[in-house]
Every structure is written in C-alpha cells, then in structure tokens.
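Novice: My questions are about this predicted structure, shown below with the sequence.
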Amino acid sequence: MSLILGIDPGSRKTGFGIINHVSGRSEYVTSGVIRLPEGDLAPRLKIIFDSVSELVEQYCPGELAVEQVFMAKSAGSALKLGQARGAAIVACAIRDMEVAEYSARQIKQSVVGTGGAEKTQVQHMVKVLLKLPAEPQEDAADALAAALCHAHTRQSMINMAGAKSVRRRRIR
C-alpha cells in the first residue's frame, strides 16, 4: 500500500487529496480544501501547517506531491504561494516523507494528456481516473491530480527499471 498526499497550496485555499496507489492502480482515499481566514499571513501559514500535519497523522501517507511555484499575478503573490507550499512541505518533511515537486504543466500532461488543460478538464479527468461519483472541488481536484501525477511518474520509473532488455531490429 502506498498512500500519496497531493497538495495544491494557496494562501487563501489549500487543496489536498490522498490516493492509494497499489500495483499500478490508484484509488481515492479523501480530499478537501483548507479554507484560510483573511488577515495576516503568519496565522494562515500555521493553519496550513497544522492541517497538513493532522492529515499526515490521521492517514500516514508516505509521499507528498506538490505543485512547484510559478510566477503568479505578481511577485508578492508568488512569494505568498511559496510560503504556503513551505508550510505544507515542512509538515511532511518533519515526518521523513518523500517530497516530489511537479510543474503545473507536468501535472496536467500526466492527468489530462495536455499541459495546457483547463481546470474543468483536470476536474473531469480526476473524476474519471479515480471513479468518483462527482467532480471534486477545483482545489481538491488539483491536489488529487498532483498525487496522480506522482503515481504515474513513479510507476513509469518502476516499469523502465524492470525492463529486461530493449530489442532492436535491423531495418532492411
């Protein structure tokens, strides 16, 4: 059993999703959104840290998949996003979890098949891939997509490592 926690960090809403990836198959465990109050950033970062710590304590995932920082609307927004990521990463790192980071394009490519996918496409594919009865909330879908991306990437690496040989034929 390999539980993977996906995080879609934000300074106002942080999405989370946990999947169980076993023998090349991913199953939904839980997901949701940590909604943060208005106000100073430091108390919001503490809420992210405490909430992610609680998820890790309750579900005991072994790995974290998180989206890399991208340049948002402004440098200030990117800095706040980076701090939110940091709070979530530290909550996992202090428990010796493996942390994997993926770009938004990598996540969308892995789940939808195109790096330029829209949010609604990600929600739909997460629903389909995890056999959910309805599309998850946008931030939760992004977090589940990060976890799925990590599962797919890891499975590809396992498959490549397990290849006995590469057969080459001569073209005549």
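Specialist: Nice, thanks for sending it over.

Novice: For burial, what's the neighbour tally of the closest residue in space to H21 that isn't next to it in sequence?
Specialist: Leaving aside its sequence neighbours, H21 sits nearest to A151 (CB to CB, 6 or more residues apart in numbering; 4.1 Å). Where you see a C-beta, it was placed from the backbone N, CA and C, and this is true even at glycine. By other CB atoms under 10 Å, 24 other residues sit near A151.

Novice: Surely A151 touches G17?
Specialist: No: in this structure, A151 is not within contact of G17 by CB atoms under 8 Å, at 11.4 Å.

Novice: Return every residue with contacts to both of the two.
Specialist: The overlap between the contact sets of A151 and G17 (CB atoms under 8 Å, 6 or more residues apart in numbering) is empty.

Novice: I'd like to know how far the residue nearest to H21 sits from V56.
Specialist: A151 is 18 Å from V56, where distance means CB to CB, to the nearest Å.

Novice: can you check D139 too?
Specialist: From D139 to V56 the distance is 18 Å (CB to CB).

Novice: which of the two has more neighbours?
Specialist: D139 (24 against 21).

Novice: I'd like the distance between that one and P61.
Specialist: Distance from D139 to P61, counting by CB to CB: 18 Å.

Novice: Where in this structure is the helix or strand with the lowest mean pLDDT?
Specialist: helix 138-162 (a mean of 86; mean pLDDT, DSSP states H and E).

Novice: list the helices and strands it packs on?
Specialist: Using 3 or more CB pairs under 8 Å, 6 or more residues apart in numbering; DSSP states H and E, the elements in contact with helix 138-162 are strand 3-8, strand 13-22, strand 25-35, strand 63-67, strand 98-102, helix 104-111, helix 119-129.

Novice: Same list (the ones you listed) but as CSV, adding mean pLDDT and mean neighbour count.
Specialist: Formatted as CSV, those follow (pLDDT from 0 to 100; neighbours: other CB atoms under 10 Å):
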stretch, mean pLDDT, mean neighbour count
strand 3-8, 97, 28
strand 13-22, 96, 23
strand 25-35, 97, 17
strand 63-67, 95, 24
strand 98-102, 96, 16
helix 104-111, 95, 21
helix 119-129, 96, 18
